[in-house]
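In: have a look at this prediction, sequence included:
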Amino acid sequence: MRTLADALDDFISDYRKSIHPLIEPFDPDWRSPCETGEPQPGDQGSVVTWQPVRRDDPHVLARLESALETTLHPDLKTWWGRWFSAHLEAAAPDGALTLLQLWNAADGDRMVENQIGHVVAQRRANAPLSLFIACTENGSDLQLTVDNLTGAVMLEPPGKKPLRVVASNLAAFIDELVPRVPNAHS
């Protein structure tokens, strides 16, 4: 069985090969180990080139586990702890989506706070515990989550019960994706 780490690494490799150059808006107060060059002027402000940076941080969700008083699914730990990267655009069988990633360590803190808000809304709706990993195309409030118990990828409206299973696990889901050119930032 293919691991999530392998699927994610292969997707990142394909993304690097498919999308050139990788550019993000530059924020001097929000630096990243992903930045590969000096800021350059763009049409709407400064931009910076970047590359995903491999890391292994199995403790990235430790604070969230403590706050929720539960152990989180290992796929969620791999997802959030494997790479520093800008968000990644992809085409899935059901449409366009944005895979959420961490730009820097402080982004991990922000993600944990957002996940706590997500879980609070889920509890109000008596929905099963899941954490978000992606947003669907613009104009939709649907998100993709990973069910904490089963590891299945779910399509879910914020604060409500999941609509359906998208994939039996995160590795199978990633294997169906194709890198997509992001909206221009320059």
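Out: Looks like it arrived, so ask away.
In: helix/strand/coil for S46?
Out: Using DSSP: H, G, I helix; E, B strand; the rest coil, the secondary structure recorded for S46 is strand.
In: avg pLDDT for the helix ranked longest in the chain?
Out: Of all the segments of type helix in the chain, defined by DSSP state H, the longest one is helix 105-124. Mean per-residue pLDDT for helix 105-124: 94.
In: the residue nearest to Y15 when sequence neighbours are not counted bridge partners, please.
Out: Counting by Cβ to Cβ, 6 or more residues apart in numbering, Y15 lies nearest to P179, which is 4.3 Å off, once chain neighbours are set aside. Yep, even glycine has a C-beta here, placed from its N, CA and C like the rest. Legend: beta-bridge partners of P179 under DSSP bridges are A90.
In: how about P179, what does it touch?
Out: Taking Cβ atoms under 8 Å, 6 or more residues apart in numbering, we find P179 in contact with F11, D14, Y15, S18, I19, L88, E89, A90, A91.
In: check contacts around D9.
Out: R54, R82.
In: that one and L131, how far apart?
Out: Taken as Cβ to Cβ, to the nearest Å, the spacing of D9 relative to L131 amounts to 21 Å.
In: quick one: list the elements packing against the worst-scoring helix or strand of the chain on mean pLDDT.
Out: Among the helical and strand segments of the chain, the one scoring lowest on mean pLDDT, DSSP states H and E is strand 40-42, with a mean of 89. Using 3 or more Cβ pairs under 8 Å, 6 or more residues apart in numbering; DSSP states H and E as the contact definition, the elements that strand 40-42 packs against are strand 45-49.
In: give me the sheet partners of the strand it packs on and which way each runs.
Out: strand 23-25 (antiparallel), strand 40-42 (antiparallel).
In: give the other helices and strands that the longest strand along the chain contacts.
Out: When every strand of the chain is counted residue by residue (DSSP state E), the longest turns out to be strand 130-136. Using 3+ Cβ pairs under 8 Å, 6+ apart as the contact criterion, the secondary-structure elements in contact with strand 130-136 are helix 74-81, strand 95-99, helix 105-124, strand 143-147, strand 153-156.
In: what about 10 Å?
Out: Taking 3 or more Cβ pairs under 10 Å, 6 or more residues apart in numbering; DSSP states H and E as the contact definition, the neighbouring helices and strands of strand 130-136 are helix 74-81, strand 88-92, strand 95-99, helix 105-124, strand 143-147, strand 153-156, helix 170-175.
In: buried set for it?
Out: By neighbour count, and taking 16 or more other Cβ atoms under 10 Å as the criterion, the buried residues in strand 130-136 are S130, L131, F132, I133, A134, C135, T136.
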